[in-house]
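Participant: Requesting a structural model of the entry that follows:
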Amino acid sequence: MSEGCVHIYCGEGKGKTTAALGLLLRASGAGLKVIFVQFFKTWQTSELAALQKLEGVTVLRGALPKGFTWDWSAEQRQSAFDEHNRLFTEAVSLCGDGENTLLICDELVGAFSNGFVDKDMVLTFLHCKPAALEFVMTGRNPDPSLIALADYVSEVKKIKHPMDRGLEARKGIEF
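Facilitator: Take a look at the predicted model:
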């Protein structure tokens, strides 16, 4: 790839991470180096088992406080902020010159919009990212500054979802 693009998969619907994983699979199959970093997600998800089997795929995840973000104390919020900054910095350091590399930052959009990652650090990276690096972000409610820097913005819209009728998340489908 001579020119890497910036992608955002956003919206209220199911499928943002799934779309990013589809691109990961395509990139891996083409021999690209892939870095997949998850913000907020600390539970065991089914895709992790499959990703371990793919060559050239690095997965980064952090340790976060338990519970919902809106219930976190100021100390827990700071801990999450620090951990997300560490994850982002580590992921970026693995990109090198970006040639033949796909970096996926799952849930970075939400971390950015809700103040759980240093916005200046992310924006500086986007302005100065290696030219060949393909960069993907997922999450809800993208900040206009992220949209302005993106080449692709795809919105996943929920029209209907089984949770609306009380069906809980199912292993292999939602997690």
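
Participant: okay, CA-based contacts and neighbour counts for the rest of this
Facilitator: Will do.

Participant: Go through the host helix or strand of residue 27 and flag the buried ones.
Facilitator: For residue 27, the host element (DSSP states H and E) is helix 16-29. For helix 16-29, the neighbour count (16 or more other CA atoms under 10 Å) marks 16-18, 20-21, 24-25, 27-28 as buried.

Participant: just how off-centre is the lengthiest helix in the chain within its chain?
Facilitator: Using DSSP state H, we find that the single longest helix of the chain is helix 74-93. Relative to the centre of its chain, helix 74-93 is centred 13 Å away, using CA atoms, centre = their mean, to the nearest Å.

Participant: Show residues contacting that helix.
Facilitator: Here helix 74-93 makes contact (CA atoms under 8 Å, 6 or more residues apart in numbering) with 35, 37, 39, 60-65, 69, 103, 111, 115-118.

Participant: again with stretch 8-19
Facilitator: Stretch 8-19 is contacted by residues 20, 106, 109, 136-142, 147, 150, 152-159 when judged by CA under 8 Å, 6+ apart.

Participant: Low-confidence regions, this protein specifically.
Facilitator: Under the criterion pLDDT under 70, the flagged ranges of the chain are 1.

Participant: That one: helices as residue ranges?
Facilitator: 16-29, 47-51, 74-93, 108-113, 119-128, 144-149.

Participant: sorry, back to before: buried residues in the longest helix of the chain?
Facilitator: 77, 79-85, 87-88, 91-92.

Participant: if I look at the residue positioned nearest the centre of the chain, how far off is residue 9?
Facilitator: With the centre of the chain defined as its mean C-alpha position, the nearest residue by CA atoms, centre = their mean is residue 106, 1.3 Å away. In this view, residue 106 and residue 9 are 9 Å apart by CA to CA, to the nearest Å.

Participant: what does residue 42 give?
Facilitator: Relative to residue 9, residue 42 is positioned 20 Å away (CA to CA).

Participant: Residue 130: neighbour count?
Facilitator: Counted by other CA atoms under 10 Å, the residues lying close to residue 130 total 19.

Participant: Same question for residue 5.
Facilitator: With neighbours defined by other CA under 10 Å, the count for residue 5 comes to 18.

Participant: and the residue nearest to the centre of the chain, what is it in contact with?
Facilitator: Counting by CA under 8 Å, 6+ apart, residue 106 touches 17, 20, 36-39, 136-139.

Participant: I'd say residue 38 and residue 60 touch.
Facilitator: Yes - Residue 38 is in contact with residue 60 according to CA atoms under 8 Å; the separation is 6.5 Å.

Participant: And these two? Which one has more around it.
Facilitator: Neighbours were counted for residue 38 and for residue 60 using other CA under 10 Å; residue 38 has more, 21 against 15.
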